[in-house]
Each structure stands twice: as C-alpha cells, then as structure tokens.
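J.: here is my input; please provide its structure:
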Amino acid sequence: MTTKFLVSTLATAVALSFSATAMAQGSSNQDQRFEQITVIGSQQAINDIPGSATFISDEELQKFEFTDISRVLASVPGVYVQEEDGYGLRPNIGMRGTGTGRNDKISVMEDGVLVAPAPYSAPSAYYFPTMGRMESIEVLKGAASVKYGPRTTGGVLNLLSRSLPTEPNSSKGMVDAALGGDGYYKGHAYFGKEKNNTAGLIEVFTYGADGFKELPVGSDNTGFEKTDLLLKFGHTFGKNDAHSLELKIKYSDETSDETYMGLTEEDYKSNPNRRYAASQNDEMNTRHNAYQLNYAYQFGEGYELLATAYLNDFHRNWYKASSVGTSTLEQYSEFEANPTSEGIEGIGVKANNRDYQAKGIQSELHIPAGDHYVTVGVRYHEDEMDRFQWQDTYTLNQDLSMTLTSQGIPGSDSNRVDSADARTLFVQDEWTIDALVVSAGLRYEDITITREEWSKSDPTRSNGLTKNISNDTEILVPSLGATYTLNENVTLLAGIQKGYAPAAPGNADQDEEESVNIEFGSRFNAAGFTGEVIAFFSDYDNMHGNCTAAVGCSDDNIGDQYNYGEVEVSGFEFSAARTFNTKQVAFPVKLTYTYTDSEFQNDFDSEIWGSVEKGDAMPYVPENQVALSLGAEFASFVVNSQMRYVSSAHADLTDSGLDAIDSRVVWDLAAKYLIDANQKVYLSVDNLLDKTYIANRANGGIQPGKPRTVQVGYTYSF
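T.: Model prediction:
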C-alpha cells in the first residue's frame, strides 16, 4: 500500500469523522450568524499569530478610495509590488524577497479560496480580484502561513468580499459614484438584507478609464472597462442557529487596451506616456465566473466545523504584439519618425487565448482541548489551463494604420493543456502555557501536475499527443512558531517554517522549490503607539524562475520553469502607528519600513534575468521601502496623505539592467467632507506631485507609472 494511498485514505477518514462527530455533539450560541472565512479575522486577533500579520479594515480602505491593490499594499511591510498597467488590474506581488512575477510565489485568496486561475498547474495570476469591491484585506507572513499553501515561502494575501448583514431583521446598502482624469469613472452599489435567519446581498462594481498613454493613431484609447457582479445568500438554522450556509456567486468581465510593448530609453525621456502605433490592436478580454458554498457548524464548547466547495472558471484572450525586444522597439520608433511607403511587414500579433478552471472542496475542524487549540484541515483540488493560441500577421502602413496580411489558425501557436490534482492534509496545534503560546503545524501535499501537448499543426487534437509529462510530488511542510506576552505592552514572536512550491510540468527534471524561513521580533503597544519589529531570513535550496511575458521571457519559453539554485534573503520589517488627539482634531500617523538584502549563491545563465553571478541581488526586489501616512480628522472634514519611497532595483542582471528601476517618491492625497451621517463627498489625487518614474522594463521596453490623476465622488450609505 503506497504512502499516497495511505494519506489520501487518512484525509478522507478524518473529514468523515469530523462530520460524524459534529452531528453527534450539542450546540452552543454563535458569535455571528454567517461565517466569513478569514486568515486573521480582525485587528485584535493579530497578537495571537506567531508571525507578521496585517489587517486592513473597511475603514482604512475608505480613507483613500483606492481601486488599485498596488497602492493599498504599499503600506504593508515586507510586500513588494511591481506595477504594470498603472491601474492595478494585473499586479505583480511578492513577499520577503520571493520575487514579484505574476503573484506566482504567494498564495492569493478571496474569502479563503485560492483565486489564481490555476494555482497549482499555472499559478501566474492573470486574473486578480477587483480591489474596489473588497471589504477588508489580510496579509500573513511567516510560520502561520504554512496552513494555506501550496506556496509557503512568502505569505498569504486574503481579500474579503462584502459580508452579509448579521443583525436580525437588518439591512445595509451603499451607492458610490466617481469621475476623474483620463476618462476615469466608477460606479459601486450594494444592498443586503437579513430577515428570519436568511440574508441576501447583491453588489455591482464597474469602473474604467480611457487610459493615460498616447497612441499616434486611432481612437487613442489605452484604457479599460471592468465590471463585477456579486450575489450572496445565507441561512442559519438548527438549535441556537448552530448551522449556517452561505452561497456566493460572482461574475466579472474586462476589456483593456493594454500592451506589453514598452518604450526605448530615448522615447521614454521624450514622452514617458507614449505608445507605439504597432501596439494599436493590443487588447485583453477576460471573463470570470466563481461559485462558492460555505457551511459552518458550531457545537459543543467552542468546536467548529467549516467546509467549502468552490469552482472558478476564467477565460482570457490577450491579443497583443509579440516578440517586441529592444531592437524591435527601436525599429518601431524610427519608423514613426520617418514612415516609408513600404511600411513594416511581418508584425506578429498573438491571440494568447487560454481557458482556466479550478475546483475543489476544503474543510477545517477547530478543536478546543484545554490548553490546546487544534486545527485539522483537508483539501482536494483540481485545476487546469488550456492554451489554444494563434498568431496573426500585420503590416504597419505609412499612415501608421495596420493591415491584416495573414490570419492564424486557432491552436497553431500553442496547443497544450496543463493540469493538476492535489490532496492536502494540515494539522496545527496551538498550545498555551501561561504567557507562552507555541504553534506547531504540519502540511502534507500530494500533487500531480501534467502537461499534455499537441502539434501546432494539429489544432483539432486528433493526431495524438506530442508530449505527455507529469511531475508527482509528496511533500511534508512543517512549521513552528511561538509568541510570548512579556507584559501588556510587548509580545515577542519567533517562527521557523519550510518554504515550498511545486514544480511545473514542462520539464520532467524540474525540482520543487524548497527553503528554510526564519523570523523573530516583537509587537508593541506602548505610549499610544502600536506596531511590530520583525527580522526575517530565507535560505533557498532551489529557487524557481517562472517564465511569463510579464518578466520578459520569449514567446517560445512562456509557461516554462527553471531551477535557479541557492538564494539567501534577509531583511527587517518595521511598522508603527498612533493617533494624536486634540479637542477638535485627530491626527493619525503610520510609518512602515522594509529592508531587504537578497543574494544568489551560484552562477547560472537565466532566460528571465540574464547571466547571474554569485552575489547578485534579485531583480525587482528593492533594498529599501518606506510608507508614511499622515491624516487630520475634523468633525466633518477628513484629509489623508500617503508617501511611498522605493529605492532603485535591478530590472535584470545585464549591465543595462542593473539599478534600471530608479528610486522614487510618490505622494497620494485624499479628502472627504461628511454631509451627514449617511452622505459624503470625496476627492482623491493619485501621484499628487506628478512624479515620472519607470514601473518596469518587461520585454526590453520601459513601462511608466501612472501620472497625476484626480477623482471626485459621492457616497450615500445606510
């Protein structure tokens, strides 16, 4: 009998025994009617976590009315965001030196469920939840994040959607509308009602812009339109409302005229918001459907059973110019300056057409046992990515229009399916010994990831597979953390965990990513200041490099993964906040700082970063980051500002890429006037000083940060 079968059987037996035990026990009063699946739960719960934790409440999110997750996370220590489109549609997020990529080194969840289109077989998140409709955000790093997996090195980002009304026979709602520069608009409304233990909520969020980049031809629309629709239904039943069910249905679609085509150095200096005419047909279309059913049962003295079934379907087709390296960009630039009658022939525009699906069921049982609080969880998960791509060919004409000269056959560029199935068992014990809380966890993953590929000349997939590769992995991921309450003002913490990421299926020799991660520090609450000071260290035996167009990989290698060997990352995180009060005004102040030192420990040639030498720092991981928030709160008027400093970083490890991302300081400002208890008007200014800066250099070209943008809005809530 194999280990895989034994553990799979054990996981199933544990899950069934949970249900049987739950039904046999008595029930007790609930703290709330509908269970929201959280990582942290609240600001007050942070002290119990043996690791770095940040909870961003709805009140905090409303300070700046941000719809860009990049700006929200700027004040979270240990988190790095590589901007891309300027609006946060496709952020690149990393934690504690993991690299940013396409969020492929962290676990991104919405309401406790993994939201990457295919989190095991294709983790690069071309879909990211719409930030503007979120009610709160949780960020967890360190030993406690091992619970969530499958990637346990950096941390967890959990976005919480609008919760159902919980007060008996209550309702809540809001209408919000805003307009801004570059054709920006936002419409947001929700309504929820609870009656007789049944609740429902509907929410609509739509926003878009014409974009801040400038095309020399056509409609000059380089913006986007995105709409989300959320429906939730909940019902509590049983003695003392011990049982609750919640159904969540979500739909979103997006059309964005966005490109990977950046600018040459000379053109960026001349006009940083310019776009070349060869990118005029670039457009992404996406559609996302999500279904989630939650069940919660509270019984006995503090026992709780949680179960979730989920299904995510995601379609995307990014139609964009391909193979746009530095020499190609120079050719486009020269042609626009001196267009010839021959034009430029043979411009490939690829339909990056892909369908994703992720589905599964997960369950947790929380068991209070004297000084111990035990959590046991199981998850079965399946996902896949179906790439069915083609490339059309255009000629760029003398008048800078483009003419289609050859239409590609669907499936003739990339024709493959990557898929995965995973079984997970997790056990965590929190043992309280007076002021000491020891948290020990163990995660087991049994993962099979497969790539099936057909010939590019076989779009019907009728002639048989040309490649069929699988990677099978069984891994144990332990963690150990502790907190010690020194006194009412200081809590010490420390943790050690194994970092892990599964191997992709493209190469049969691909190794898993493994590391040892250590942290120690303290949380404090003294003299009105609250915050934390934490040092961290990660020692990678083998770091992965994941090839995406976002990091500049060539078309033939996108989706591949490479072994990059040993890397060491060390750093320091600091945060402190306090509100200074006078009789008429409150002045909230918050400061966060992150220092990161990253070094490769071996030499290798990289498709992603160029030639790497021992001692090189990781690209797109800045050494220093600072965020300072200042506010003034009067009775009816509130103003807040946020300053973000990011030091220079490498774009790649060639001579031209060293420190090619300049340091920058960006200020954001927000103000609101409270008309009455239910109404407010607000003003927000992103990039107040109109700082020009390089966001990234993907595909050899420069992508700029968003310039100054002003928005005004009105909100009515009840």
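J.: where do the helices sit along the stretch 151-300 of the chain?
T.: 265-270 (DSSP state H, counting those that start in this stretch).
J.: which residues in the stretch 601-718 of the chain form helices?
T.: Using DSSP H, counting those that start in this stretch, helices in the stretch 601-718 of the chain do not occur.
J.: so where's it shaky on pLDDT?
T.: By pLDDT under 70, the low-scoring segments of the stretch 601-718 of the chain are 607-609, 699-700.
J.: change it to 90
T.: By pLDDT under 90, the low-scoring segments of the stretch 601-718 of the chain are 602-614, 616-620, 650-660, 662, 696-701.
J.: center of this structure, which residue is that?
T.: The centroid of the chain falls nearest to Val108 when counting by Cα atoms, centre = their mean (4.7 Å).
J.: what sits against the closest residue to it other than its chain neighbours?
T.: Counting by Cβ to Cβ, 6 or more residues apart in numbering, Val108 lies nearest to Leu157, which is 5.0 Å off, once chain neighbours are set aside. Yep, even glycine has a C-beta here, placed from its N, CA and C like the rest. Neighbouring residues of Leu157 by Cβ atoms under 8 Å, 6 or more residues apart in numbering: Leu73, Ile93, Asn103, Ile106, Ser107, Val108, Met109, Ile137, Glu138, Val139.
J.: Leu157 and Tyr190, how far apart?
T.: Distance, Leu157 to Tyr190, by Cβ to Cβ, to the nearest Å: 23 Å.
J.: same thing with Glu613?
T.: Separation of Glu613 from Tyr190 (Cβ to Cβ) stands at 53 Å.
J.: quick one: which of these two has more around it?
T.: Neighbours per residue, other Cβ atoms under 10 Å: of Glu613 and Tyr190, the larger number sits with Tyr190, 20 against 10.
J.: how about the nearest residue to the more buried one, chain neighbours excluded?
T.: Glu203 (3.7 Å).
J.: which among the contacts of Leu157 gets closest to Leu674?
T.: The nearest member of the contacts of Leu157 to Leu674, counting by Cβ to Cβ, is Ile137 at 24.0 Å.
J.: beta partners of that closest one?
T.: Ile56, Leu159 (DSSP bridges).
J.: contacts only, for it.
T.: Thr54, Phe55, Ile56, Leu61, Val72, Leu157, Asn158, Leu159, Leu160.
J.: surely His243 is in contact with Thr236?
T.: Yes - using Cβ atoms under 8 Å, His243 is in contact with Thr236, at 6.6 Å.
J.: more neighbours: the two, which one.
T.: Thr236 (23 against 19).
J.: quick one: pLDDT of the more buried one?
T.: Per-residue confidence (pLDDT) for Thr236: 96.
J.: that one bridge partners, please.
T.: Ser244.
J.: neighbouring strands for the helix or strand where Gln391 lies, and are they parallel or not?
T.: Per DSSP states H and E: Gln391 is located in strand 372-396. Using DSSP bridges, the strands paired with strand 372-396 are strand 344-369 (antiparallel), strand 402-406 (antiparallel), strand 414-433 (antiparallel).
J.: out of those strands, flag the one nearest Tyr682.
T.: That would be strand 344-369 among those, by Cβ to Cβ, at 36.2 Å.
J.: how far is the closest one from where the chain is centred?
T.: Centre-to-centre, strand 344-369 and its host chain are 12 Å apart (Cα atoms, centre = their mean, to the nearest Å).
J.: in that strand, which residues are buried?
T.: 344, 347-358, 360, 362-367 (16 or more other Cβ atoms under 10 Å).
J.: how about stretch 585-603?
T.: So, applying 16+ other Cβ under 10 Å, buried residues of stretch 585-603: Pro588, Lys590, Leu591, Thr592, Tyr593, Thr594, Tyr595, Thr596, Ser598, Phe600, Gln601.
J.: coming back round to it: how about the strand holding Gln391: buried residues?
T.: 373, 375-381, 383-392, 394-396.
J.: repeat that for stretch 529-538.
T.: Here stretch 529-538 shows Thr530, Gly531, Glu532, Val533, Ile534, Phe536, Phe537, Ser538 as buried, counting by 16+ other Cβ under 10 Å.
J.: tell me the secondary structure for the residue in the chain sticking out farthest from the centre?
T.: In the chain, Ser341 marks the outermost C-alpha relative to the chain mean, sitting 46.0 Å out by Cα atoms, centre = their mean. Per DSSP: H, G, I helix; E, B strand; the rest coil, the secondary structure class of Ser341 is coil.
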